[in-house]
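*Asks:* No sequence on hand, only this structure:
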């Protein structure tokens, strides 16, 4: 690869560095005659290495490098009046797909006005660009798909909720109607998580807006006189994973339904207070009412579905259920303590 | 059964539509139903006594519930509008003025509440 027809002798080390560079490189004179090309250049652009030295850039290959804009930019670089930085260009060749190139060129100045050398680095970004485009498309598709799934889930939940309410309107038995309404509350509780997941993807659900919305929904369908009964929600800035949020929401739903059903008989006035706070991995959820309190002894109600649900969910959440006499009313607390663990002592209710 | 306010339910899902009709009926209104925007417009043309349209947003066909609601507002400005959507977020500014929006699954009590509030507010068409 000795540049026989070029007046200035090039240092053998310079030529070796260029020839064996991993990056496609061209070493050019001021009039765009090629002194050396890297092996990687010849391989990338399918050019016979023997045919390179001494040729003009415009004569390379089938003349595909004869791009007027590139030529004038390189000449300006040789004159020192321009610099090529991340210049993007399409390499169009006969019978081959175009390649997208990023060019960087630099004039090597050794203080001799007659000695002008240009180092041109050519990066083929065709594959990288295609991959980036594909990635963008996949992300867009994913977002559309996610929306579509959320929409379908919402519609499916609507079908279930609508059917439950329609049955509740038509059924004759008051007890059956109560069960259908409870089932409806549970569906709506899960739907509320779904809604928050859709807004705050991915994964974590902020509990305050979720519990507030949940209790608004419960109040709207169960409290007929808001001046008599109210629900207060106090939650810190905690977030919870989606599946934990579903469980916590269902616990709140069961306990609030329970309190609304049993704590305020005979038009008693009162408040139900939901409180959730966490420190690190430990958390406490309490539902407190100032109603009549839980009955004990012979007239205490049999364990119902609500109690079973709370116990099962508490176990799943790794928490312990505590029941306290609120004086007045009842406070039920779920405590998740990483260091502890154990069984719940939730008495019969619901 | 006379002089009941007339509410048109527009929903492509037959189960949800059936239940919504039942809901409207139970709330004491007269319910009409349509499975698409085109059907809804035909009904609105035939029945000038429709007071309120309760429509789903995502529906197949040339017009979704949002476009339908704007069309209704333009052609029958006195008809009240309630929209429900499975999409969680909808830009409220895309709704016609005074239209109410609920995301699915909706709380039926809130829908009935909105119907009563809208129908007691302003003259009937």
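*Replies:* Noted; the coordinates are in hand. Treat the numbers as computed from the prediction; the structure is a model and nothing was measured.
*Asks:* quick one, strands of the chain?
*Replies:* Let's take chain A. In chain A, the strands defined using DSSP state E lie at A:25-29, A:34-37, A:84-91, A:99-108, A:117-124, A:205-206, A:229-235, A:239-240, A:270-279, A:282-289, A:320-325, A:330-336.
*Asks:* wrong one, chain B
*Replies:* Secondary structure of chain B (DSSP E): strands located at B:6-10, B:30-34, B:50-56, B:80-85, B:100-103.
*Asks:* In a markdown table: those, plus mean neighbour count, mean pLDDT and distance to residue A:36.
*Replies:* C-beta: built from backbone N, CA, C; applies to glycine. Shown next, in a markdown table, are these (neighbours: other Cβ atoms under 10 Å in any protein chain shown; pLDDT from 0 to 100; distance: least, Cβ to Cβ, whole Å):
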| stretch | mean neighbour count | mean pLDDT | distance to residue A:36 |
| --- | --- | --- | --- |
| strand B:6-10 | 25 | 98 | 74 |
| strand B:30-34 | 20 | 97 | 77 |
| strand B:50-56 | 25 | 97 | 70 |
| strand B:80-85 | 23 | 95 | 66 |
| strand B:100-103 | 19 | 92 | 67 |
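*Asks:* So which of those is nearest residue A:98?
*Replies:* For the strands of chain B, the distance to residue A:98 is smallest for strand B:80-85, at 44.8 Å, taking Cβ to Cβ.
*Asks:* packing partners for the closest one?
*Replies:* Helices and strands touching strand B:80-85, by 3 or more Cβ pairs under 8 Å, 6 or more residues apart in numbering or on different chains; DSSP states H and E, are strand B:50-56, helix B:65-75, strand B:100-103, helix B:108-119.
*Asks:* on that earlier part again, looking at the strands of chain A, which is buried most?
*Replies:* Of all these, strand A:34-37 carries the top mean neighbour count, a mean of 24, counting by mean count of other Cβ atoms under 10 Å in any protein chain shown.
*Asks:* Within the sheet, what are the partner strands of that one, with directions?
*Replies:* strand A:25-29 (antiparallel) (DSSP bridges).
*Asks:* how far is the strand it pairs with from where the chain is centred?
*Replies:* 46 Å (Cα atoms, centre = their mean, to the nearest Å).
*Asks:* nearest residue to residue A:282 other than its sequence neighbours?
*Replies:* Spatially, and ignoring its direct neighbours in sequence, residue A:282 is nearest to residue A:337 (5.4 Å; Cβ to Cβ, 6 or more residues apart in numbering or on different chains).
*Asks:* List phi and psi for that neighbour.
*Replies:* Main-chain dihedrals, residue A:337, degrees, to the nearest 10: phi -120, psi 120.
*Asks:* What separation do you get for it and residue A:280?
*Replies:* Distance, residue A:337 to residue A:280, by Cβ to Cβ, to the nearest Å: 10 Å.
*Asks:* Check residue A:265 too.
*Replies:* Distance from residue A:265 to residue A:280, by Cβ to Cβ: 40 Å.
*Asks:* Which of these two has more residues huddled nearby?
*Replies:* Per other Cβ atoms under 10 Å in any protein chain shown, whichever of residue A:265 and residue A:280 has more neighbours is residue A:265, with 9 against 6.
*Asks:* Report the contact partners of the more buried one.
*Replies:* Applying Cβ atoms under 8 Å, 6 or more residues apart in numbering or on different chains, we find residue A:265 in contact with residue A:292.
*Asks:* try residue A:154
*Replies:* Counting by Cβ under 8 Å, 6+ apart, residue A:154 touches A:191, A:194, A:195, B:86, B:87, B:88, B:103, B:104, B:105.
*Asks:* wait, doesn't the third one sit right on residue A:217?
*Replies:* No: look at residue A:195 against residue A:217 with Cβ atoms under 8 Å: they stay out of range, at 10.2 Å.
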